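Participant: sequence and predicted model, in that order:
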Amino acid sequence: MSTKLSSSMKPKPPALRRSTTRALALSRMNSNRQHVGDHEGFENLRAYIKQGAEFSKELVTALSERAELETNYSKGLAKVSAKVFKAAKDSNGGTVSNAWHFIAEDMGATADTHKSIAHLLVEDLVKPLKMFVEAQHKTRKSLEALVDKRAKCLSEWRGAEAKNKSKCYANARENERVQDQVLDCKLGRGRVLSDKELLKLDSKRRKSEEAVAKSDLDYYAACLKAERARYVLITLMCMVVCASLDRQRRKLVSLSEMH
């Protein structure tokens, strides 16, 4: 019986692997903080722009109703004006008849004014603002779809990353257990192993170290793919474009208020 170990069975120092894992963990934590900040920033901007878009829709509705009121008032006033004209024409004449004739003309002119106001509201405010809101909605939805697609991809790779992390942890625990057995044999602790058992333990040690190395690489690759999927640049570009769209909306709304 022999308890001596070959040099290949000596436990390897885990310092390098630990430092690599520690650096990877720190990088992962920083990446998570940045990703959370970018995601929250985009969601806040999305909510802000959506609120502005809802205001623009309400403004279009209000202006449309105002134009409709102006049109209805113009039609009603024109009818009254026509009745007064007819009544003044059918009378016997005189100053009273002439006075109502001028009143009827004034009412007709007022009706034309309100008709022009309704036309200006529709052509200069309602239609341009409605077209702008619809075009902005399409652009915003396409940008949001791009970000949501990237977020879904990121979620999938984060899931793969979590699975590889668990596998990496399990392999590391198993490797530590085997390394402890090797160390016990080296120090002569526990029962004495035969040559066949030593070879079997050496093979088990090599396999556990290979499994740890492979799981570390898989975990590292999953982290890299998740970071590529995150692609903060797309989110930031979308935020810039959305902010530009909102500036355009506010400018158009301001012009509408001036009119």
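Facilitator: Sure, I can see it. Numbering: from 1, shown residues only.
Participant: residue ranges with poor pLDDT in the stretch 1-150 of the chain?
Facilitator: Counting by pLDDT under 70, the stretch 1-150 of the chain contains low-confidence residues at 1-41, 92-93.
Participant: mind checking which helix or strand the nearest residue in space to residue 68 that is not next to it in sequence is in?
Facilitator: Taking C-beta to C-beta, 6 or more residues apart in numbering as the measure, residue 68 lies nearest to residue 118, with 7.5 Å between them; neighbours along the chain are not counted. The way it works is simple: take the backbone N, C-alpha and C, and place the C-beta from them, glycine included. Taking DSSP states H and E as the criterion, residue 118 maps to helix 95-120.
Participant: report the buried residues of that helix.
Facilitator: Neighbour-count burial for helix 95-120 flags 100, 101, 104, 107, 108, 111, 114, 115, 117, 118 (criterion: 16 or more other C-beta atoms under 10 Å).
Participant: repeat that for stretch 121-130.
Facilitator: Buried, per 16+ other C-beta under 10 Å, within stretch 121-130: 121, 122, 125, 126, 129, 130.
Participant: and the helices in the chain?
Facilitator: When secondary structure is read from DSSP state H, the chain shows helices at 15-90, 95-120, 127-187, 195-230, 232-258.
Participant: so what's residue 205 closest to, chain neighbours aside?
Facilitator: The spatial neighbour of residue 205 that comes closest, neighbours along the chain excluded (C-beta to C-beta, 6+ apart), is residue 178 at 5.1 Å.
Participant: quick one: the one you found and residue 208 touch, right?
Facilitator: Yes - counting by C-beta atoms under 8 Å, residue 178 sits close enough to residue 208 to count as a contact (4.6 Å).
Participant: returning to what we had before: mind listing what the residue nearest to residue 68 touches?
Facilitator: Counting by C-beta atoms under 8 Å, 6 or more residues apart in numbering, residue 118 touches 67, 68, 70, 71, 74.
Participant: make it 10 Å
Facilitator: If a contact means C-beta atoms under 10 Å, 6 or more residues apart in numbering, then residue 118 has 66, 67, 68, 69, 70, 71, 72, 73, 74, 75, 126 as its contacts.
Participant: residue 52 too?
Facilitator: Here residue 52 is in contact with 133, 136, 245, 246, 249, 250, 253 (criterion: C-beta under 10 Å, 6+ apart).
Participant: tell me, how many residues neighbour the first one?
Facilitator: Residue 133 is flanked by 19 other residues according to other C-beta atoms under 10 Å.
Participant: same deal with the fourth one?
Facilitator: For residue 246, the neighbour count with other C-beta under 10 Å is 18.
Participant: per-residue pLDDT, it?
Facilitator: The predicted local confidence for residue 246 comes out at a pLDDT of 73.
Participant: how about it: what's its closest non-neighbour residue?
Facilitator: residue 49 (5.0 Å).
Participant: now residue 218. Nearest residue, chain neighbours left out?
Facilitator: On the basis of C-beta to C-beta, 6+ apart, the spatially nearest residue to residue 218 that is not a chain neighbour turns out to be residue 164, at 4.8 Å.
Participant: need the contact list for the one you found.
Facilitator: Under the criterion of C-beta under 10 Å, 6+ apart, the contact list for residue 164 reads 215, 216, 217, 218, 219, 220, 221, 222, 223.
Participant: now with 8 Å?
Facilitator: For residue 164, the contact set (C-beta under 8 Å, 6+ apart) comprises 215, 218, 219, 222.
Participant: highest neighbour count among these?
Facilitator: With neighbours set by other C-beta under 10 Å, the maximum within the contacts of residue 164 is found at residue 219, which has 24 neighbours.
Participant: spatially nearest residue to residue 57, not counting backbone neighbours?
Facilitator: Take residue 57 and drop its neighbours on the chain: the residue closest to it by C-beta to C-beta, 6+ apart is residue 133, 6.1 Å away.
Participant: surely the one you found is in contact with residue 56?
Facilitator: Yes - with the criterion set as C-beta under 8 Å, residue 133 and residue 56 qualify as a contacting pair; they are 4.8 Å apart.
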